[in-house]
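Chemist: Return atomic coordinates for the entry below.
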Amino acid sequence: MEAARRKEELERKKQKLADMRAEKGMKNATPAPKAEGDGSSLRHLDHDKLLESLGISTAPSPAKQRLDEDMKREGFTNGDVQKDGALSNGIVSSQRHVASIGVGTELSIGLDVPSVAVLASDKQQETVAYNKETQTSGLERTEHPSGIHDYYDPLFVEGPSFEWDEEFPVLSYGEGEATDDFSKEIDDVYTHRSVIRALQNFPKGDVGHNATALQQHSVEEDHDRHHLPEMTAEQKQEVMLTEDFRRFFDKASRVVERALAEEDSGTDIFVDYKGENLDTLGGTDSNDIKVKPLRIFADEKSTSGRGISCLGISPHFSELVIASYHNPEEYSSEPGGLASLWNLRFKKSTPEDIFRCHSALTAVSFADFHPNLLIGGTYSGQIVVWDNRVNKRTPINKSQVAVSTHCHPIFFSRIMGSSHAHNLVTASSDGRICSWSLDMLSQPQEFLDLTNKGQTKIPITCLSFPMDNWNNFLAGAEEGVVFAGQRHGNKPGVVDMYEGHFGPVTSVAYHPSHDTSEFSHLFLTSSYDWTVKLWSIKERKPVYSFEAFGDNVYDVKWSPVNPAVFATVDGTGTLDFWNLNQETEIPVLRVPIEGAPSASRLLWTPNGQQVLVGDNSGKLHVFDVKEVSGSRTEDLQQLDRTIQELRQRTQVTEEAEAASAQVASTHSLLDRLAMS
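Modeler: Have a look, this model is predicted:
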């Protein structure tokens with residue numbers, strides 16, 4: 001019923017409009033006598049009657065009254081409004097009336113009444129306008145050239161989604177065509193005092209010039225509104241001391257430093273090694289096939305004069321290397337313990353991080369299952385733990401010095417076990433192997449004292465575990481003996497010993513093959529006696545002795561990719577590469593280290609393409625050795641034959657030495673008989 005009533009009312013109004021058009025046509029055909037007085041006043045009166053007959057109020061609206069008051073107060077008169085209706089582009093439109101249509105919004109009606117409509121500069125808004133022509137046009141929708149739509153078109157009135165207004169149904173908006181936000185914007189335009197002030201200051205010149213000036217005025221107002229006050233020196237200092245600023249500055253400076261050092265624009269300089277997403281961050285592979293020195297890592301301020309005591313590579317990021325350093329030079333003001341985190345991926349010459357502690361570091365390693373933790377063993381026997389997420393260089397945790405812990409320098413520290421069950425294993429020269437939980441370093445969970453046949457503690461200098469085996473181990477000692485033992489079992493402790501060196505053992509290395517491999521029983525040792533020896537845990541005597549050295553041999557490591565290749569460093573500053581399948585008397589490649597310092601530590605990268613060498617001057621040398629360590633399918637079979645040949649050669653040598661000793665003994669006996 002309501003819809004039918006409204007439709008009937010609409011039909012009546014249409015009929016009334018048609019009658020008015022017909023009456024107007026008759027008036028135009030028959031000239032009417034001029035009325036006395038001003039003709040514009042009569043036309044204005046006719047228009048008012050016409051609007052009132054349509055149900056539109058001609059009384060000034062509250063918004064119109066507020067606008068007039070603001071214009072008078074600011075000295076802005078009607079004479080300032082141009083007759084062409086455009087004081088500026090879309091800013092002032094000259095109309096002659098403002099009518100209230102009952103929806104809380106004021107709309108300009110083209111009946112010669114001045115009004116102001118200001119459009120926002122950031123988005124295109126629609127201004128609804130009514131004029132005399134559109135009220136008497138046909139049923140086709142018209143559009144103003146400036147983008148103003150005629151919503152009085154009957155096509156909109158008859159639409160099924162049209163939302164009728166109770167008081168003024170003819171001038172109502174269609175559904176969705178007028179919103180509360182739009183009404184509020186129109187109302188704000190009429191009541192905003194800053195617009196009036198801006199219009200007052202603009203000259204009556206060119207339309208485009210005035211529009212540009214108004215936009216610039218609006219931008220200046222926005223700038224003044226959002227301008228931040230200047231901070232005092234105290235406020236700046238307070239911000240710089242906050243944890244967030246330090247973290248931001250540390251990360252930003254590291255990225256900028258990488259960008260300045262890199263020439264390749266394809267290198268990812270935004271790698272964050274303090275994050276936890278380890279799946280998307282990987283190591284660096286060298287594409288250079290030549291054998292050559294790549295670079296040298298050294299920090300003149302912190303590492304100069306400190307010998308490198310230990311090297312470790314991250315299991316999570318193979319380009320990150322941690323190096324620990326001995327005590328500084330005499331009379332140095334630097335603290336005792338120092339460890340630097342170097343990055344093999346970038347060409348930057350400074351470390352990623354620097355960690356310090358109270359005592360000189362003798363061992364260092366990454367925590368296998370904790371990507372942000374680093375573990376150090378000190379000369380005093382304490383264990384220290386750093387976290388690279390914490391904005392400080394000192395340890396976040398450390399062990400205590402007690403009877404149940406280490407009391408001598410620690411030469412081995414490594415996380416052993418699986419991701420669900422693992423412990424920190426350490427060994428020191430006091431002959432004790434301890435197992436720790438990283439969450440509680442006050443005392444070890446268990447410890448094992450290694451003793452020899454005389455029940456005296458063994459001064460351990462190095463330790464090695466086979467691949468995927470956390471129970472069996474090999475321990476080198478100061479007396480030149482290698483001890484084989486086990487952490488658990490029926491008889492934990494020393495189970496065998498291998499004698500052959502005549503000086504302290506500096507390094508021991510299990511072959512990097514699995515327990516099921518035919519080479520898992522092999523291991524190498526280096527010593528102060530200028531030799532490197534190849535052993536088998538099945539034999540108490542060396543399989544072979546490599547003696548082409550001119551000084552103490554400080555470290556030996558197997559290649560992780562070629563089962564027949566290993567490398568050594570010695571006191572002459574030489575890096576030697578050995579390939580058992582090619583040559584056993586001399587190294588296949590001998591690389592002198594720049595400056596000929598005493599080389600103390602050696603480390604292969606997991607991909608076997610680079611070797612890192614630390615020297616006693618605090619420098620870390622990086623070499624590309626891809627060509628040397630390249631593996632072939634026939635290397636395993638050939639290595640097996642080589643081992644057999646070395647055994648036979650060693651046996652022949654031992655027999656010759658025994659025969660020579662027998663001859664010497666016989667000659668000595670004959671000499672004594674002759675003397676008697």
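
Chemist: Where does pLDDT dip in the stretch 1-150 of the chain?
Modeler: 1, 27-68, 70-150 (pLDDT under 70).

Chemist: Could you do the chain as well?
Modeler: Checking the chain against pLDDT under 70 turns up 1, 27-68, 70-228, 265, 274-291, 329-335, 515-516.

Chemist: Would you map the helices across it?
Modeler: Taking DSSP state H as the test, the helices found in the chain are 2-29, 39-53, 62-73, 132-135, 154-157, 180-191, 193-201, 207-226, 233-240, 243-261, 626-629, 635-675.

Chemist: Nearest spatial neighbour of Ala619, chain-adjacent residues omitted?
Modeler: Check again: residue 619 is Lys, not Ala. Distances taken as C-beta to C-beta, 6 or more residues apart in numbering put Ala298 closest to Lys619, at 4.5 Å, once the chain neighbours are dropped. In this view, the C-beta of every residue, glycine as well, is placed from N, C-alpha and C.

Chemist: Near the one you found, how many residues? Count them for me, please.
Modeler: By other C-beta atoms under 10 Å, 19 other residues sit near Ala298.

Chemist: and Trp604, what does it touch?
Modeler: Shown in contact with Trp604 (C-beta atoms under 8 Å, 6 or more residues apart in numbering): 557-560, 567, 610-612, 629.

Chemist: Repeat that for Ile593.
Modeler: Contacts here follow C-beta under 8 Å, 6+ apart; on that basis Ile593 touches 573-575, 599, 613, 615, 621.

Chemist: Need the phi and psi values for it.
Modeler: Ile593 adopts backbone torsions of phi -90, psi 140, taken as degrees, to the nearest 10.

Chemist: How about it: what's its closest non-neighbour residue?
Modeler: Nearest residue to Ile593, sequence neighbours excluded (C-beta to C-beta, 6+ apart): Gly573, at 4.4 Å.

Chemist: and the one you found, what does it touch?
Modeler: Neighbouring residues of Gly573 by C-beta under 8 Å, 6+ apart: 592-593, 595-599, 615.

Chemist: Inside strands: which ones of those residues?
Modeler: 592, 599, 615 (DSSP state E).

Chemist: Highest neighbour count among the contacts of Gly573?
Modeler: Greatest neighbour count in the contacts of Gly573, by other C-beta under 10 Å, goes to Ala599: 28 neighbours.

Chemist: Wait, that residue touches Tyr554, no?
Modeler: Yes: counting by C-beta atoms under 8 Å, Ala599 does reach Tyr554; the two are 6.5 Å apart.

Chemist: Now do the shared contacts for those two.
Modeler: When contacts are counted by C-beta under 8 Å, 6+ apart, Ala599 and Tyr554 are jointly contacted by 569-571.

Chemist: how about a markdown table for those residues, with distance to Gly431 and neighbour count added?
Modeler: Output for the shared contacts of Ala599 and Tyr554, formatted as a markdown table (distance: C-beta to C-beta, whole Å; neighbours: other C-beta atoms under 10 Å):
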| residue | distance to Gly431 | neighbour count |
| --- | --- | --- |
| Val569 | 27 | 30 |
| Asp570 | 27 | 23 |
| Gly571 | 27 | 18 |
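
Chemist: about what we covered before: so the residue nearest to Lys619 makes contact with Gly618?
Modeler: Yes: contact between Ala298 and Gly618 holds when scored by C-beta under 8 Å: they sit 6.0 Å apart.

Chemist: Identify the contacts common to the two.
Modeler: Common contact partners of Ala298 and Gly618 (C-beta under 8 Å, 6+ apart): Ser304.

Chemist: ok, Gln582 - contacts?
Modeler: 564, 588.

Chemist: List the backbone torsions phi and psi for it.
Modeler: Gln582 adopts backbone torsions of phi -110, psi -40, taken as degrees, to the nearest 10.

Chemist: now it: how far from Ala548?
Modeler: Gln582 sits at a distance of 14 Å from Ala548 (criterion: C-beta to C-beta, to the nearest Å).

Chemist: How about Ser380?
Modeler: Distance, Ser380 to Ala548, using C-beta to C-beta: 38 Å.

Chemist: Also Ser536?
Modeler: For Ser536, the distance to Ala548 (C-beta to C-beta) stands at 21 Å.

Chemist: Kindly report the same for Glu262.
Modeler: Glu262 is 40 Å from Ala548, by C-beta to C-beta.

Chemist: just Val622 next, same as before
Modeler: For Val622, the distance to Ala548 - C-beta to C-beta - is 25 Å.

Chemist: between these two, which one's more packed in?
Modeler: A count of neighbours by other C-beta under 10 Å puts Val622 above the other of Val622 and Ala548, at 19 against 16.

Chemist: and that one, what does it touch?
Modeler: Taking C-beta under 8 Å, 6+ apart, one finds 293-297, 344, 610-612 in contact with Val622.
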